[in-house]
Each structure stands twice: as structure tokens, then as C-alpha cells.
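Colleague: Coordinates for the following, if possible.
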Amino acid sequence: MTPPTESSRSVSATEIEPVRPALCLTPESELPKLAHNCITYRDGATVDVAWTKYRFGEVCWMMLNGNDYKFFLQVYQDSQGNAKFAKNKTSRADKRAEWAWNAIIGKAKTPVGIGFYPTNINGESRWGAIDFDAHGEDEKAEAHQRAFAAFDVLKRHCQHRLLLGTSGGGGWHLFVFADGFYKIEEWIRFLEEVALRIQVPIEKGICEIFPSSTRGRHGGGGIRAPGTFNPKNGEFGRLFEDQLSPVLDELLALKDSQTEFCGREEFVSSLYRYTTWEENAQFTDSTKATVSRFSGASELSAQFAVTSAGTRHAQLKNLIGEKFRSGGHELIRQAAALQHQQATPKPNASLEEHLAEFDQLWIFFCDQLWREELSRRERSLLDGLKTQNERDGFRIVHGFAQVSKAQPNFPVSCASLSRRIGITYMGVAKMRRKFESLGIVRKIVEYVPNRASARYVWTADQPRATAR
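Modeller: A predicted model of the protein is given here:
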């Protein structure tokens, strides 16, 4: 269907999205702007002095740029003490950030750092950075002068928040954090203008910008998070000027009542699951967004792959039959879509026919087969739930209870349900509270940070008075 043209309909003012201001420096002829709130550390401060562990995790999440939580830069030393910077393959950004924090405070047996890429799949970034290098004592003073000159230009002629500190040696890192995402091309032009204003050439070993059009793939390489381990000399960076911390809570407050439903630590971890590009629906390719949101879908599709002719329907049935008790509807449906797309040889049935069969089988397994296992009260509670996510949560937690029947209780972690249903940690925490209020479960062991999940007993099959 062809979308209507401008001539075929009128456009109201409310339909027109506001245009984001261009990423640029104001002219020198304009009066200097009032400086943002800024925390200044005269002699520099290590990150653990300037921030809490959770603040560090939030800054790392900002630098993740809405990418998948496994898309970041690993920073470490090999067994011979050589500096290594490698694109991550298996680790999680939140776990790596915690390890980097432990290195900063001296609790890590093996020190590591963490870095991030100034780009995402949409060709945008919410931050940029300038690296002023120094390769000897005689260059340290020059790098210092250049870094503060750039900071002075930016604080007077841009609206964004700055973070200035050492790189863990003689060099300096200057970060610019914007309120939203800007195209890579805008960032490159913007940072090049800063370098031009202070008359510093953009050359490797002197001054490098992130993102960059001259470092490999579009957007360039990654840069270490502020204050983290420098594998070249084993030192840690220090912060000198911080305009980000005073406003970071305001930026994160856009999340829906996160502090009401879970503690600070769970919230920080949840940020890595709940990416900004999903929240703002910035991607036009909905398939990419869904695949990233349901990161386990590819694993399920591989487990039940169609690898020979005539097995498509059987593998689809196996996928649903074995996983409907432990996964959400959208997760498994996405796995079914990938199962069809990756099938070898290509099935005769179209993707639409494949998913239509999925819907029929899902009704059979969930609305007929599994429902017969529930008591009258359990069915009543299930029918009272309003959303598919809540019904998925009910079914999955019921499965936890059945598997753990030999135990007096069972764990229900935000991480596990978030991965299985495809919602945020905050959404899971809210769901658990609702289940408690309805008498579906009862918490008997509290969550212990970094050690153990909260534990529950299943009460939906008990009379309401007993459930309490």
C-alpha cells in the first residue's frame, strides 16, 4: 500500500516531530553561555572517589550506545603483559563493567578495563571523544594544554555535557555526552571543528577523535571508559572536570519508575538489557530490534534447526512443545521465524504459513494441553491477567514451581524472567509484586546482591486465606 503523499492529506502541527538542533559549536561572536553545573577535582580523582559503583555502571551503559550488551571493547593484558584491545565475543557488558570497577578499587585478581564503540547499528552515537596523546615527558604538558583548551571551547560553545580526565598515563580523554543520538557524520564534523578551533591536527599519536572516518569501519574503533585500566602501563585514569554526574539521574529518570520496583543494583544491571534504541523505537528495521531484544531466539532456532526436507513442521512442533513452559510467546515466536529463515533446504511453506502454524500449535499447547494441568483457582488467576507478558510470567513461574517440587521454594530472578519474556528487569520486578498481591506466589527469601535471587513459594493452587 502506497503511503499518502503531502498533497493527499493535510499534516497537523502535532504530527510534525521537533527537529533536533544540529550538533555544532556556536559562533565565537556569540556571548559565552553559562557553564553547566560542573564538579572540578583540582588534583584529579580516581573514579571510585568521584563516583559510586552504580554511577560507573550507568556511565558505561550510556557509552554502550544502545547496542547489544555484548558489543563492547575488552581491555586487558595478555600473559606476557602486552596490552590487548579486542572486540568482545561472549561476555556481558554489565559483568565486564563490574570487573573493571573491581580493578579500579583493587579487588580484581587480574585487572581489566572496558571500552565502547562510538556508533550503533543505526549509524548514530550519543557521545563523542577526543584523545590527546603523550608519548614522553616532554609531551605531557602539551597534551594537558590541548585538553583544557578543547574543554574551554566546548564549555563555552556547546550545550552538551563534558567529562575530562587523564587516560591513565600522560594523555587526556575528553568526552562529550549529548542528550540524544546524533549521526556519526555529525559527530565527526563537530569534533573536527573543535580540533580546528584549538589548532591541533587530527593525527595518530597526537590527537584522535571518536567516532572517526579514518579508523577502519564506519565509526572507528573503541575508547576506554573514563578512569579504567590502561593495559599499556597498568595505570588508571583520573577525573578532573565532570559535567555528566550532576545530570545523569535526570537522563535516567526517563525510565518508568525504575527505583520503585527494584533496587539500585538490579536497575543498573537492567540497563544493559533495556537499550535506548528499543525504548525510542529509533530503528526502522523492526526485525533487528526484535532479534536483539530476544537474544535467546537464535539459540532456540539453532537447537531446533530445520536441516533436511520434510522436517519443518516436526521441528516447529518440537520447539513449542519443549520450550513453551520455559519461554515467553514472543521469544519462541521469534525463534520460529528464525527457524524458517535459516532452514536448509528452503521449505515449501512460506514464513506466513509457518507462523500461522505456530499460532495454532501455541493455542494447542498453552490453551488446551497446559491449561488442563491447572486447578480451578489457578485458571481463575490466569484469566484475570491482562497482558501476554503476565500470562507468560505465570506459565514460566508455574514451571519453576513444578521443577522444584522437591524443594520448599524456588528462585525467581529478574535476569531469568527478563531473558525468557523479553521485558526489562523493572517490568519483571513489577510483575513479581503483582503476582504476590494476587496470591500467585509468596516471597520467603529476599534478594541478596551479587549472591542469590529472591526465592518464592507457589500459592496460586491454595485458597486465598492459606496463600497469605
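
Colleague: element containing the residue nearest to residue 327 when sequence neighbours are not counted?
Modeller: In space, and not counting its chain neighbours, residue 327 is closest to residue 420: 5.2 Å by Cβ to Cβ, 6 or more residues apart in numbering. C-betas here are computed from N, CA, C, even on glycine. If you go by DSSP states H and E, residue 420 is part of helix 414-421.

Colleague: one step back: so the residue nearest to residue 327 versus residue 160, what's the distance?
Modeller: Here residue 420 is placed at a distance of 38 Å from residue 160 (Cβ to Cβ, to the nearest Å).

Colleague: Then residue 352?
Modeller: Distance from residue 352 to residue 160, counting by Cβ to Cβ: 46 Å.

Colleague: Mind giving me the packing neighbours of whichever helix or strand comes after the helix holding residue 420?
Modeller: Sequence-wise, the next helix or strand downstream of helix 414-421 (DSSP H and E) is helix 425-438. Helix 425-438 sits against helix 258-261, helix 264-271, helix 388-403, helix 414-421, strand 441-445, with contacts defined as 3 or more Cβ pairs under 8 Å, 6 or more residues apart in numbering; DSSP states H and E.

Colleague: how about the ones you listed, which one is nearest residue 173?
Modeller: Taking Cβ to Cβ, helix 264-271 is the member of these nearest to residue 173, at 22.1 Å.

Colleague: thinking again about what came up before, identify the residues contacting the residue nearest to residue 327.
Modeller: Residue 420 makes contact with 296, 326-328, 331, 392, 396, according to Cβ atoms under 8 Å, 6 or more residues apart in numbering.

Colleague: Nearest approach to residue 232 belongs to which of the helices and strands packed on helix 425-438?
Modeller: Among the helices and strands packed on helix 425-438, helix 264-271 comes nearest to residue 232, with 28.6 Å by Cβ to Cβ.

Colleague: Let me know the average pLDDT across the closest one.
Modeller: The average pLDDT for helix 264-271 rounds to 61.

Colleague: likewise stretch 397-406?
Modeller: Per-region confidence: stretch 397-406 scores 85 on mean pLDDT.

Colleague: again, but for stretch 243-259
Modeller: 65.

Colleague: Domain-wise, how is this structure divided?
Modeller: The record's domain parsing of the chain by automatic domain parsing lists 39-252, 264-369, 372-467.

Colleague: which stretch in these has the least confidence?
Modeller: domain 264-369 - the lowest mean pLDDT of the domains of the chain, at a mean of 77.

Colleague: if we can go back for a sec, in terms of neighbours, single out the busier of residue 352 and residue 160.
Modeller: Using other Cβ atoms under 10 Å as the criterion, residue 352 and residue 160 rank with residue 160 on top: 20 against 9.

Colleague: and the gap between that one and residue 330?
Modeller: Per Cβ to Cβ, residue 160 is found 36 Å from residue 330.
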